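A.B. asks: Mind looking at a prediction? Sequence and model below.
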Amino acid sequence: MISLEELKNLPSEAESAALSAKNQQELNQIAIRFLGRKSKLTLFLRSLKDLPKEKRVEVGQVANKVRSRISEIFEARGRSLAHSLKPIDITLPGISPRLGHAHLISQAINEISAIFKEIGFKRVRHPEVESDWYAFEALNMPPDHPARDEWETFFMDRPAKGDGDGKRFILTPHATSGTTRALVARKLPLRVINIQKCYRRQSDISHVPMFHQFDGVYADEGVTIRHLKGVLEYFVKSYFGVKREVRLRPFHFRFTEPSFEVDISCGVCGGQGCRLCKEGWVELGGAGMLHPNVLKAAKIDPAKITALAFGWGVERVLLMRSGLEIPDIRILYENDLRFLEQF
Amino acid sequence: MLFRLPYSWLKEYVWVPKNPHDLARQLSLHGPSVEKVEAVRHEFTGVVVGEIVSIERHPNADKLQVAMVRANNGVLLRIICGAPNIKVGQKVPLALVGATLPGGTTVSRRAVRGVMSEGMLCSARELGIHDDHLGILILHPSSKIGARLVDLGDVKDYVLEVEPTTNRPDISSVIGVAREVSAIVGKPLKQSGGRSEIKKTYSCPLTVKVLNRKLCPRFMAVLIKNVSVGASPWWMQERLARAGIRPINSVVDVTNYVLLEYGQPLHAFDADKLGNTIIVREAKPGETILALDGRTYRLKSNHLVVADAKKPVSIAGVMGGETTAVTTNTTNVVLECANFDPVSIRRTSRELQLFSDSSRLFEKGLSKESPTLTLSRAIELVHKICGGKHSSITDIRAKRYSPLSVELPLSRLSRVLGLSMPQLTVKRLLKRLGFRVGGQGATLRVTVPYWRDHDVSAPEDLIEEVARLYGYHRLTSVLPSVVLSTKDELEDFSTEDKLRHSLVAMGFVETLNYSFIRESWLKAMAYPPSRALKILNPLTNDLVFLRPSLLPSLAAIVEANLAHREEIKIFEIAKIYLPGQSHGRGLENYREEPVFLGGVMTRTGATAEELYRLIKGVVEDLYHKNVNNRADIQEELIKSRPPFADGLSAVIRQTNGRDGGVFGILDPLFLQSFGVNQMVAAFELPLSLFIGFRGYPAYRPPPKFPAVKRDISLAVSPNVRYTDLVRIMKSSTSLLESVELFDIYHDERLGDSMYSCAMHLIYRAPGRTLSSEEVEQAEAAMLKMLKGQFGVILR
């Protein structure tokens, strides 16, 4: 009789023997050698009755497993002999159907608009060639106000004087001009998000002269800072992950009062503070409650209506979230296929 | 505008926690952001105050001097020194033998050209305090001989980099930050130093005239006689240097020190060079002034100046003039502390391209009240450091000051915050910030402190103050409930998305290009630059026009990627910018910005016909998938539609007759101007082509009876259009279900007058199985008709 050790080796012996069979007939003969009446396995099973009862159960289970394993081996080999295909080198490369690629910015815009859609913000479209009334004046920045200097604005060469559209035609430097338009043109309650191209006269590793912003506004009776916090947290946790925390830092914008900079806890150090963040926080963008003058400019009564608003850069949130590690934002606009095809 | 604030300085005015990072966090949460906390310390040891007792020329070197310097306990040390600025009686930093200096130098006893030097006199740069290395750093005469230099100031300190928002220039100062800290931590301000009434000693001999009180609402001046101008004390130089200001001389240093402390600029004149007349006026056209930066500025009549009887002595609020500057030879000083109109300062500063700490503060708007205390503090410090006697103060104001008062209905507060705050809490928070609060019940009457009179004028401003001090982090967040509605629904974005997905599935790569293009790109597509929308102040001289087409940008991408690609398939969905349709005024008549879908493809070695059919296939698939899967697009041959090539391109005719975009082969000349020398196909379609189609075409059951499939090859004249060929074939028999072109080839045996066209034909009858006889009959009839109509021959 064979030992338990030898018994356990039987399946691998059976495997190599089965592989050596060139047809079903040969395979059958080999199978009889391993599973037939005079096989080592059968003899072993017969001898079990001589063992003490508790031992018999234990060894019996092992032997039965070996038997079913060997049966499987011969069945599998039988199937592969039946279709007579040569095995394939499964490490051969795949042949790509050549899918194209959506731009990273489009991917980000889709994600952002989907998140805001969940909480009721409809996406709208607004002009890029805009009048300074929508971009500045209606946003509590009268002509010649120094705050206008903070936007490195592109002006169009045709003056707009005297046509009731403000004083200058410009390329809008922020998506907030769309917020003005929404307030002026649409009915309350208003809950929209405007994602669009914006333009500023700047170009360096963290600035491009054309970029994308998303600017949301929610105007209704009873809108409060607490709603603003809720919206910002919903976005941050949906886009960056549930572990990220949000902090509102007092700031100043002409068109919101109160105004905030929104920080999120640093994803690298988890808020402990590291060289990539400021004391554990990274800056996301601006937000606030619309200034009463902005509502008044849109002929909305600030005594009745309050509105929350926020406006951030698409490129910024994209680069802040992911492991892209793109060192220079201008790479996004170089259109090198070797870059675009990575995503 | 970052403000560098030494922590020890802040501590003079308010209680601060031991760990500056704790304060930084608190400030960022409730007040101005702190960008950085920097630990600073002196990197030298063994430097003491020495007094120069005598100076002799070095016997063996023209440029060296031998100074005897008194140090600790009256010990005299011989020091060799190369700097020309030392004089007998001066107090100077003396590095003793064994002293270490920043950078790791150790001072040793050594012979210099044969004379033993027992230490070293140090420049500001050698001590690492600031950059001046032209001479030995001179110390204030009151410095105690032998005292360790580090004991005269703060050997270790922190510098907070505070970033005040643009509406709060008052925070760009030690006291400004101290006020914020006091409000946040709830501890009172300390009044450091005597800020008591300055006693009048003699009446001010200056005649001050302010000719434009709108541009200069307040002007204060004082004369201080018999000052000794020299080096300011070590502690002052140390703080100025840590705040990023270079020490100049004791009077100028005082004005800068007080500027940092109070956030109110001052200017000092040499009284003897200035004379007794001061006129604040607009400049006369063509007047010039040599400013302290060493440059001469030509002034215009909208620039405000401070002038003496004849000429400008300072560009008001921006920069002083060189001729009246205070130097170490000055004995009598006039201090000016004034308020100027922010818009005027900003315009002057911009027009002259001259920016200073003073102009940057004034242009944000400062309180007309702040000169009072600032000037007192400056007088106090000048006395302390330079001695002298001051006159009475001349003070000219446009208007008497009365503090601003704002009503705050508590209901508005709770409406913005989303919680109701007890009246007492609101009062307490406002008072901490320096507001006086009166009124009972539902509306508070709040008096604004003078230093906030530029940024607080409405209830919302007060609401922000209360909210930030209370802490935004203490407000619990609430998600607004969603009210579902179809209002504001725009189909554009879902359509863009469908098109994007289709193109990506077809292997196209999405690109993203700037909206501005260069003039040569317009010319390449024969678009008159005079029609294109033009930017007045472009970032670079070539990116001047807004693109009226997506194709030039895409052609440029082809060029940039051909070096490493055999095949390129790219697209972009973006707005194009066109002049408005009508000539009226107004934005809507000025421009249109419709969204377009543009794509190009090229494959090295492909023929025009192949590329045309490939791009047409793309357009057809987009159309079938997104507009109508039954109807084919109606294409019309077009001419003169650059950048498309004549005779190789088609326009889509929409059912309403409108132009639905163009596809085809790009003009090789257009491509050459981008450096592309191979065939490229393209499409440019308005998004509107795809808008407005919802739902599905009616269901058609799959055919129950089998089809008969036959292949035929025809010899066709090039004059016959494929579409006409198919039309005749289909009209000849009702059994022909579809025709699929699978090959076109030009066979030499046929010559130029004919080409070969191979097709799969599918025959089917709706209710039965076709017999081969039926199909043959139908096909024979069809061929006969083709031959009759077009001279087509079966091959």
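C.D. replies: Now that the structure is in, tell me what you want to look at. Residues are numbered from 1 along each chain as shown, chains lettered A, B, ... in the order given.
A.B. asks: How about the contacts made by the closest residue to residue B:256 other than its chain neighbours?
C.D. replies: When the adjacent residues along the chain are set aside, residue B:256 lies closest to residue B:245, with 5.0 Å between them (CB to CB, 6 or more residues apart in numbering or on different chains). C-beta here means a position set from N, CA and C on the backbone, and glycine is covered the same way. Listed by CB atoms under 8 Å, 6 or more residues apart in numbering or on different chains, the contact partners of residue B:245 are B:256, B:260, B:357.
A.B. asks: ditto for residue A:320
C.D. replies: A:240, A:264, A:267, A:282, A:284.
A.B. asks: got it, and residue B:55?
C.D. replies: With contact set as CB under 8 Å, 6+ apart, residue B:55 has these partners: B:65, B:66, B:67, B:68, B:86, B:87, B:88.
A.B. asks: a helix runs through residue B:692, doesn't it?
C.D. replies: No - assessed with DSSP: H, G, I helix; E, B strand; the rest coil, residue B:692 is coil; it does not lie in a helix.
A.B. asks: what about it, distance to chain A?
C.D. replies: 16 Å (CB to the nearest CB, to the nearest Å).
A.B. asks: Over to residue B:511?
C.D. replies: 4 Å.
A.B. asks: which residue sits closest to that residue in space, ignoring its chain neighbours?
C.D. replies: Nearest to residue B:511 is residue A:335, by CB to CB, 6+ apart, at 4.5 Å.
A.B. asks: Now do the SS call for residue B:38.
C.D. replies: When classified by three-state DSSP, residue B:38 comes out as strand.
A.B. asks: That one and chain A, how far apart?
C.D. replies: As judged by CB to the nearest CB, residue B:38 and chain A stand 13 Å apart.
A.B. asks: measure that residue to residue B:19 for me?
C.D. replies: Residue B:38 sits 14 Å away from residue B:19, going by CB to CB, to the nearest Å.
A.B. asks: Equivalent analysis for residue A:63, please.
C.D. replies: For residue A:63, the distance to residue B:19 - CB to CB - is 73 Å.
A.B. asks: more neighbours, the two?
C.D. replies: residue A:63 (19 against 11; other CB atoms under 10 Å in any protein chain shown).
A.B. asks: what's the spacing between that one and residue A:75?
C.D. replies: Going from residue A:63 to residue A:75 by CB to CB gives 19 Å.
A.B. asks: How about residue B:710?
C.D. replies: Using CB to CB, residue B:710 is found at 48 Å from residue A:75.
A.B. asks: Point me to the residue of chain A nearest chain B.
C.D. replies: Minimum separation of chain A from chain B (CB to the nearest CB) falls at residue A:224, amounting to 3.0 Å.
A.B. asks: Count the neighbours of that residue for me.
C.D. replies: The burial count for residue A:224: 20, using other CB under 10 Å.
A.B. asks: Let's see the pLDDT reported for the closest residue to residue A:15 other than its chain neighbours.
C.D. replies: Counting by CB to CB, 6+ apart, residue A:15 lies nearest to residue A:73, which is 5.3 Å off, once chain neighbours are set aside. At residue A:73, the model reports a pLDDT of 92.
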